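A.B. asks: kindly return the folded structure for what I paste below:
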Amino acid sequence: MDLYIIACMALWLYPFLAYVIYRTTLKAAKVRRKILLSLITVNIAGIIGLCAGISTLWIVLNAIIVSTLYLTVCLLFWIGQDSKSTIIKVLSIISMILTFSSGFFAGSVGLLGVAFALGEYTPSSTIRLDQDFVYQEYHLGNALTDYKGKRIKVSKKLPLVRFLQWKIFEREYYDIDAYKNPMKVRYDKEEKSLTLSPIAGKFKNDSKYKWPDIIQLMQ
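C.D. replies: You can find the predicted model right below:
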(Lines give C-alpha, C1' and ligand atoms only; values in the text may rest on other atoms or scores of the structure.)
Protein backbone atom coordinates (compact mmCIF):
# COMPACT_ATOMS: atom_id res chain seq x y z
CA MET A 1 0.00 0.00 0.00
CA ASP A 2 2.90 2.39 0.73
CA LEU A 3 4.28 1.98 -2.80
CA TYR A 4 0.82 2.53 -4.25
CA ILE A 5 0.35 5.81 -2.34
CA ILE A 6 3.83 7.05 -3.29
CA ALA A 7 3.26 6.21 -6.96
CA CYS A 8 -0.11 7.99 -7.05
CA MET A 9 1.27 11.06 -5.26
CA ALA A 10 4.23 11.19 -7.65
CA LEU A 11 2.01 10.95 -10.74
CA TRP A 12 -0.25 13.75 -9.51
CA LEU A 13 2.05 16.04 -7.54
CA TYR A 14 5.44 15.94 -9.24
CA PRO A 15 4.38 17.90 -12.36
CA PHE A 16 3.14 20.72 -10.10
CA LEU A 17 6.10 20.47 -7.72
CA ALA A 18 8.45 20.70 -10.69
CA TYR A 19 6.57 23.78 -11.90
CA VAL A 20 6.94 25.42 -8.48
CA ILE A 21 10.69 24.73 -8.56
CA TYR A 22 10.87 26.11 -12.10
CA ARG A 23 8.96 29.31 -11.28
CA THR A 24 10.72 30.07 -8.00
CA THR A 25 14.16 29.69 -9.62
CA LEU A 26 13.53 31.77 -12.74
CA LYS A 27 15.90 34.43 -11.45
CA ALA A 28 18.13 32.06 -9.53
CA ALA A 29 19.95 29.98 -12.13
CA LYS A 30 22.57 28.75 -9.66
CA VAL A 31 19.92 27.46 -7.26
CA ARG A 32 18.10 25.71 -10.09
CA ARG A 33 21.32 24.06 -11.27
CA LYS A 34 22.03 22.85 -7.73
CA ILE A 35 18.52 21.41 -7.40
CA LEU A 36 18.74 19.74 -10.80
CA LEU A 37 22.22 18.37 -10.06
CA SER A 38 21.01 17.01 -6.71
CA LEU A 39 18.06 15.28 -8.37
CA ILE A 40 20.24 13.79 -11.10
CA THR A 41 22.72 12.56 -8.47
CA VAL A 42 19.90 10.83 -6.57
CA ASN A 43 18.60 9.38 -9.85
CA ILE A 44 22.01 7.98 -10.81
CA ALA A 45 22.49 6.51 -7.32
CA GLY A 46 19.02 4.93 -7.52
CA ILE A 47 19.66 3.41 -10.96
CA ILE A 48 23.05 2.04 -9.89
CA GLY A 49 21.43 0.61 -6.77
CA LEU A 50 18.69 -1.10 -8.82
CA CYS A 51 21.24 -2.61 -11.21
CA ALA A 52 23.54 -3.75 -8.39
CA GLY A 53 20.75 -5.01 -6.11
CA ILE A 54 21.57 -2.44 -3.42
CA SER A 55 18.84 -0.58 -1.53
CA THR A 56 18.17 1.06 1.80
CA LEU A 57 16.51 -0.84 4.65
CA TRP A 58 13.27 1.09 4.18
CA ILE A 59 10.98 0.28 1.26
CA VAL A 60 9.27 3.70 1.43
CA LEU A 61 12.60 5.51 1.08
CA ASN A 62 13.57 3.22 -1.81
CA ALA A 63 10.31 4.07 -3.57
CA ILE A 64 10.79 7.81 -3.05
CA ILE A 65 14.33 7.63 -4.45
CA VAL A 66 13.09 5.83 -7.57
CA SER A 67 10.16 8.21 -7.97
CA THR A 68 12.47 11.25 -8.07
CA LEU A 69 13.36 10.20 -11.61
CA TYR A 70 9.89 11.36 -12.66
CA LEU A 71 10.38 14.63 -10.77
CA THR A 72 13.62 15.23 -12.66
CA VAL A 73 11.90 14.56 -15.99
CA CYS A 74 9.08 16.96 -15.09
CA LEU A 75 11.53 19.70 -14.14
CA LEU A 76 13.49 19.23 -17.38
CA PHE A 77 10.24 19.57 -19.36
CA TRP A 78 9.39 22.87 -17.64
CA ILE A 79 12.90 24.17 -18.22
CA GLY A 80 12.86 22.96 -21.82
CA GLN A 81 9.57 24.65 -22.72
CA ASP A 82 11.20 27.96 -21.83
CA SER A 83 14.22 27.32 -24.04
CA LYS A 84 15.29 29.81 -26.70
CA SER A 85 15.71 26.91 -29.12
CA THR A 86 12.48 26.34 -31.03
CA ILE A 87 13.16 22.62 -31.45
CA ILE A 88 13.82 22.07 -27.75
CA LYS A 89 10.81 24.20 -26.83
CA VAL A 90 8.41 22.30 -29.14
CA LEU A 91 9.75 18.86 -28.18
CA SER A 92 9.52 19.73 -24.47
CA ILE A 93 5.91 20.91 -24.78
CA ILE A 94 4.83 17.83 -26.77
CA SER A 95 6.66 15.49 -24.38
CA MET A 96 5.19 17.31 -21.40
CA ILE A 97 1.63 16.97 -22.69
CA LEU A 98 2.04 13.26 -23.46
CA THR A 99 3.87 12.43 -20.23
CA PHE A 100 1.69 14.45 -17.86
CA SER A 101 -1.57 13.27 -19.43
CA SER A 102 -0.40 9.63 -19.23
CA GLY A 103 0.58 10.14 -15.60
CA PHE A 104 -2.74 11.76 -14.68
CA PHE A 105 -4.58 8.93 -16.46
CA ALA A 106 -2.57 6.27 -14.62
CA GLY A 107 -3.17 8.09 -11.34
CA SER A 108 -6.95 8.21 -11.82
CA VAL A 109 -8.63 5.87 -14.30
CA GLY A 110 -5.65 3.52 -14.28
CA LEU A 111 -5.37 3.16 -10.51
CA LEU A 112 -6.14 -0.56 -10.64
CA GLY A 113 -3.41 -1.07 -13.21
CA VAL A 114 -0.95 0.81 -11.02
CA ALA A 115 -1.89 -1.39 -8.06
CA PHE A 116 -1.38 -4.56 -10.12
CA ALA A 117 1.94 -3.30 -11.50
CA LEU A 118 3.29 -2.53 -8.03
CA GLY A 119 2.02 -5.75 -6.49
CA GLU A 120 5.11 -7.72 -7.47
CA TYR A 121 7.40 -5.15 -5.84
CA THR A 122 5.65 -4.98 -2.46
CA PRO A 123 6.80 -7.67 0.01
CA SER A 124 4.00 -9.83 1.36
CA SER A 125 6.24 -11.08 4.16
CA THR A 126 9.48 -9.86 5.73
CA ILE A 127 11.53 -11.85 8.23
CA ARG A 128 14.74 -10.62 9.84
CA LEU A 129 16.86 -13.77 10.06
CA ASP A 130 19.61 -12.18 12.16
CA GLN A 131 21.50 -8.90 12.38
CA ASP A 132 22.77 -9.25 8.81
CA PHE A 133 20.20 -11.16 6.74
CA VAL A 134 16.63 -10.26 5.79
CA TYR A 135 14.21 -12.64 4.04
CA GLN A 136 11.30 -11.33 1.94
CA GLU A 137 8.46 -12.86 -0.09
CA TYR A 138 6.76 -11.23 -3.07
CA HIS A 139 3.68 -12.30 -5.01
CA LEU A 140 4.17 -12.95 -8.72
CA GLY A 141 1.21 -12.26 -10.99
CA ASN A 142 -2.29 -11.07 -10.17
CA ALA A 143 -5.93 -11.78 -10.96
CA LEU A 144 -5.45 -10.82 -14.63
CA THR A 145 -2.21 -12.67 -15.44
CA ASP A 146 -1.87 -16.22 -16.70
CA TYR A 147 0.93 -16.92 -14.23
CA LYS A 148 1.05 -16.88 -10.45
CA GLY A 149 3.74 -17.67 -7.98
CA LYS A 150 6.14 -16.29 -5.45
CA ARG A 151 9.56 -14.65 -5.50
CA ILE A 152 11.78 -14.90 -2.46
CA LYS A 153 14.70 -12.59 -1.83
CA VAL A 154 17.45 -12.57 0.78
CA SER A 155 19.43 -9.40 1.43
CA LYS A 156 22.50 -8.76 3.54
CA LYS A 157 23.42 -5.52 5.28
CA LEU A 158 26.56 -3.91 3.96
CA PRO A 159 29.24 -4.07 6.68
CA LEU A 160 30.43 -0.47 6.40
CA VAL A 161 27.11 1.18 5.58
CA ARG A 162 24.56 -0.49 7.83
CA PHE A 163 21.52 1.33 6.45
CA LEU A 164 22.12 -0.24 3.03
CA GLN A 165 21.46 -3.85 2.05
CA TRP A 166 22.64 -5.97 -0.86
CA LYS A 167 20.52 -8.63 -2.54
CA ILE A 168 22.51 -11.85 -2.34
CA PHE A 169 19.88 -14.38 -3.41
CA GLU A 170 16.62 -14.46 -5.34
CA ARG A 171 14.44 -17.32 -6.55
CA GLU A 172 11.01 -17.63 -8.14
CA TYR A 173 8.42 -20.38 -7.70
CA TYR A 174 5.63 -20.45 -10.27
CA ASP A 175 2.90 -22.32 -8.44
CA ILE A 176 -0.65 -21.21 -7.62
CA ASP A 177 -0.33 -22.53 -4.08
CA ALA A 178 2.96 -20.72 -3.58
CA TYR A 179 1.15 -17.56 -4.66
CA LYS A 180 -1.64 -17.95 -2.11
CA ASN A 181 0.27 -19.16 0.94
CA PRO A 182 3.39 -18.16 2.89
CA MET A 183 6.47 -20.35 3.18
CA LYS A 184 7.68 -22.07 6.29
CA VAL A 185 11.13 -20.59 6.85
CA ARG A 186 13.90 -22.14 8.93
CA TYR A 187 17.27 -20.43 9.26
CA ASP A 188 20.45 -22.17 10.44
CA LYS A 189 22.62 -19.40 11.84
CA GLU A 190 25.75 -21.54 12.12
CA GLU A 191 25.54 -22.97 8.59
CA LYS A 192 24.17 -19.73 7.13
CA SER A 193 21.55 -21.76 5.31
CA LEU A 194 17.86 -21.23 4.70
CA THR A 195 15.33 -24.04 4.44
CA LEU A 196 12.01 -23.30 2.75
CA SER A 197 9.10 -25.68 2.82
CA PRO A 198 5.36 -25.40 2.15
CA ILE A 199 3.09 -25.04 5.13
CA ALA A 200 1.52 -28.43 5.80
CA GLY A 201 -1.64 -29.02 3.81
CA LYS A 202 -1.31 -25.80 1.85
CA PHE A 203 0.59 -27.00 -1.22
CA LYS A 204 -0.41 -29.67 -3.72
CA ASN A 205 1.40 -32.98 -3.45
CA ASP A 206 2.06 -32.95 -7.21
CA SER A 207 3.91 -29.63 -7.10
CA LYS A 208 6.77 -29.48 -9.62
CA TYR A 209 9.12 -28.20 -6.93
CA LYS A 210 11.09 -30.45 -4.62
CA TRP A 211 10.62 -29.61 -0.97
CA PRO A 212 12.28 -28.61 1.23
CA ASP A 213 14.36 -26.16 -0.77
CA ILE A 214 17.69 -25.54 0.93
CA ILE A 215 19.49 -22.30 0.15
CA GLN A 216 23.11 -21.73 1.13
CA LEU A 217 23.50 -18.02 1.84
CA MET A 218 27.27 -17.96 2.28
CA GLN A 219 29.57 -20.12 0.16
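A.B. asks: got a list of what the residue nearest to Q131 when sequence neighbours are not counted touches?
C.D. replies: Excluding its sequence neighbours, the residue lying closest to Q131 (C-beta to C-beta, 6 or more residues apart in numbering) is K157, at 7.4 Å. C-beta: built from backbone N, CA, C; applies to glycine. Residues in contact with K157 (C-beta atoms under 8 Å, 6 or more residues apart in numbering) are L57, Q131, D132, F133, V134, L164, Q165, W166.
A.B. asks: report the beta-bridge partners for K157.
C.D. replies: Q165 (DSSP bridges).
A.B. asks: per-residue pLDDT of it, please?
C.D. replies: K157 is assigned 91 on the pLDDT scale.
A.B. asks: offset the numbering so it begins at 14, please.
C.D. replies: Understood, numbering begins at 14; the last thing we discussed is K170.
A.B. asks: against A65, how distant is it?
C.D. replies: 15 Å (C-beta to C-beta, to the nearest Å).
A.B. asks: can you give the distance of the one helix or strand V198 maps to from its chain's centre?
C.D. replies: Secondary structure assignment for V198, by DSSP states H and E: strand 196-201. Distance of strand 196-201 from its chain centroid, counting by C-alpha atoms, centre = their mean, to the nearest Å, is 25 Å.
A.B. asks: walk me through the domains of the protein.
C.D. replies: According to automatic domain parsing, the chain comprises the domains 15-129, 135-229.
A.B. asks: any stretches of this protein with poor pLDDT?
C.D. replies: 14, 123-125, 156, 189-191, 211-223, 231-232 (pLDDT under 70).
A.B. asks: OK, contacts around I48?
C.D. replies: Applying C-beta under 8 Å, 6+ apart, we find I48 in contact with I34, T38, L88.
A.B. asks: again, only this time at 10 Å
C.D. replies: Going by C-beta atoms under 10 Å, 6 or more residues apart in numbering, I48 touches I34, Y35, T37, T38, A41, T85, L88.
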